[in-house]
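Chemist: model this:
(one chain, ligands or ions: 1)
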Amino acid sequence: MSVRLVLFGPPGAGKGTQAARICDKLGVPAISTGDIFRSNIKGGTELGRRVVEYTSVGALVPDELTDELVRARLAEPDAAEGFLLDGYPRNLAQVDALDAILADAGRALDVVVEITADAEVVVERLLKRAQIEGRVDDTEDVIRHRLDVYADQTAPLSGVYAERGLLVRVDGLGEIDEVTDRLLAAIEPALHH
Ligand code: ADP
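Modeler: Numbers count the residues shown, from 1 in each chain. You can find the predicted model right below:
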């Protein structure tokens, strides 16, 4: 299946879980900038060393680093026929950068999905996840900061992509299976373009 998809939503909305399920179904790779940063930090790479000061406090990694990373990742063969981007773009400058990356490759997005979730619910979820996964950015202070960054910098993507006719919004609350079904139903019309 060839579909170029962006998934965004507040921290704790379930993006990672849902991205994996959607990608399974559609046969495209899930590309999560957050996962790529975390595995580089864990692996002690140069990139990891450069980004940890931002990710650990819930701040955005500088655009130059993130944009280049995504440009390189999208040039890999498995992304040629489609992809799901999870966590990128995350601000308006990254929207422009992604447009340029895709335009250079003669490509364009098919659909942008916004998963919505109430702030208090996501804080609860993230605090619970912290106990299980031990992510260093899942402390209450850092979670609140990530939510602020989201409201300031990422939420405006909604308007931009809505204006282009690319946006679908899906309620992220409910059973995991239920949310997956909702997402697939929302994406479905874009698969026939
Ligand atoms: P969440 O959505 O739960 O906050 P992510 O795994 O998407 O988690 O991101 C974790 C962290 O990685 C972010 O707080 C940020 O520091 C960094 N990050 C991820 N994606 C981007 C991006 N597109 N631009 C800048 N920083 C990013």
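Chemist: For the rest of this, base every contact and every neighbour count on C-alpha atoms.
Modeler: OK.
Chemist: How are the strands of this protein distributed by residue range?
Modeler: 4-8, 30-32, 83-86, 111-116, 167-171 (DSSP state E).
Chemist: so where is this structure shaky, pLDDT-wise?
Modeler: 1, 193 (pLDDT under 70).
Chemist: How about the residues of it by the ligand?
Modeler: Where the chain comes near the ligand, counting by CA under 6 Å from any ligand atom, the residues are 10-12, 33-35, 54-55, 58-61, 66, 87-90, 146.
Chemist: what do you get if the cut-off is 5 Å, keeping everything else the same?
Modeler: Contact residues, the chain versus the ligand (CA under 5 Å from any ligand atom): 11, 33, 34, 55, 58, 59, 60, 61, 87, 88, 89, 90.
Chemist: Which among those count as buried?
Modeler: 11, 33, 34, 55, 58, 59, 60, 61, 87, 88, 89, 90 (16 or more other CA atoms under 10 Å).
Chemist: Going by distance to residue 128, which of those residues wins?
Modeler: Nearest to residue 128 out of these is residue 11 (CA to CA; 13.0 Å).
Chemist: Tell me who's in contact with that closest one.
Modeler: 122, 126, 143, 146, 147, 150 (CA atoms under 8 Å, 6 or more residues apart in numbering).
Chemist: and the second one, how many neighbours does it have?
Modeler: Pointing back at residue 126 there. By other CA atoms under 10 Å, the residues close to residue 126 number 22.
Chemist: Make 51 the starting number, not 1.
Modeler: Got it, first residue is 51 now, which makes that one residue 176.
Chemist: Contact partners for the nearest residue to it once chain neighbours are set aside?
Modeler: Spatial nearest neighbour of residue 176, excluding adjacent residues (CA to CA, 6 or more residues apart in numbering): residue 62 at 5.6 Å. Residue 62 sits next to 172, 173, 175, 176 when contact means CA under 8 Å, 6+ apart.
Chemist: now residue 140, nearest residue through space, not along the chain?
Modeler: That would be residue 204: by CA to CA, 6+ apart, it lies 4.9 Å from residue 140.
Chemist: try residue 104
Modeler: In space, and not counting its chain neighbours, residue 104 is closest to residue 111: 5.5 Å by CA to CA, 6+ apart.
Chemist: Next, the contact list for residue 106, please.
Modeler: Applying CA under 8 Å, 6+ apart, we find residue 106 in contact with 186, 187.
Chemist: That one and residue 189, how far apart?
Modeler: Counting by CA to CA, to the nearest Å, the gap from residue 106 to residue 189 is 10 Å.
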